[in-house]
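Chemist: no sequence for this one, just the structure:
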């Protein structure tokens, strides 16, 4: 009996040890909230899909090649507050010169900008015909386990855009991104994204109808799919758009799988809004603007 009892005890202890190792590995993969959050209010309203949403400066946070279809200049910003007092904000600028597009973006999360976690990105994109290739260099600074740590990483992206009608986008995010020994092995979460966006009507016309579907493959996690829809009416540059999204979560989360949002179209200025219910954080409201002179 004693030998049998010792064997059961050993198996129980081994199981606990394996579970502890697995949890530690998943925590190390979790990495930065900044690196996972949607880069714009428009993307947030469609579930966070962004790999194939081309022509917005905020695309720098999802797929650098998405910047290739910007006509001349694009400026974008978004802002969100949490019940805990933390603030999340993003900003991005993209400039096109011939076959090249250069973009820069930044995101911050924290109670104040002096103590916030920060993410900075700079992208360069080359386009030939309907195909664009882009790369992004990233710098992240965060507080992990009471220590202030930083990391460098990179993104690579591909976009195939056929006029304004449809686009295919693929990106690999956070290549590298190790925060070092002080962070206990935590690094920016690597993920691969592939999306397809389709305009069912001419986006220069009065009626607007767009859908996007995106698959995400996080390292150490389960693949999932995001669906987004954008529709509305715009006349002479003035109008209203509505958005909905569905996120097929790869793990347990307190956030609702459904998102919603909209835009007030004022010529070249777009005022965006996104909403998502969250049992842990409460209702999340995000506002943003896009300017494309």
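Modeler: Happy to help now that I have it. Quantities reported herein were computed from a predicted structural model and do not represent experimental measurements.

Chemist: okay, CA-based contacts and neighbour counts for the rest of this
Modeler: Will do.

Chemist: next one: stretch 141-151 to chain centre, how far?
Modeler: Averaged C-alpha coordinates place stretch 141-151 at 21 Å from its chain's average position (C-alpha atoms, centre = their mean, to the nearest Å).

Chemist: buried ones in that stretch?
Modeler: Neighbour-count burial for stretch 141-151, with 16 or more other C-alpha atoms under 10 Å as criterion, is recorded at 141, 142, 144, 149, 150, 151.

Chemist: for this protein, where's the lowest mean pLDDT among helices and strands?
Modeler: Ranked by mean pLDDT, DSSP states H and E, the weakest helix or strand in the chain is helix 2-30, scoring a mean of 36.

Chemist: Pop out the phi and psi values for residue 202.
Modeler: Main-chain torsions, residue 202, degrees, to the nearest 10: phi -60, psi 120.

Chemist: What separation do you get for it and residue 232?
Modeler: As judged by C-alpha to C-alpha, to the nearest Å, residue 202 and residue 232 stand 12 Å apart.

Chemist: Could you tell me which residues touch both of these two?
Modeler: With contacts defined as C-alpha atoms under 8 Å, 6 or more residues apart in numbering, the residues shared by residue 202 and residue 232 are residue 208.

Chemist: ok, these two, which is more surrounded?
Modeler: The neighbour count for residue 202 versus residue 232, taken as other C-alpha atoms under 10 Å, is higher for residue 232 (16 against 13).

Chemist: Let me know the average pLDDT across the host helix or strand of that one.
Modeler: Element membership for residue 232, per DSSP states H and E: strand 224-235. Averaged across strand 224-235, the pLDDT comes to 97.

Chemist: which ones are touching the nearest residue in space to residue 144 that is not next to it in sequence?
Modeler: In this structure, residue 144 finds its nearest non-sequential neighbour in residue 183, 5.8 Å apart by C-alpha to C-alpha, 6 or more residues apart in numbering. Listed by C-alpha under 8 Å, 6+ apart, the contact partners of residue 183 are 144, 145, 147, 149.

Chemist: I am finished for the moment; much appreciated.
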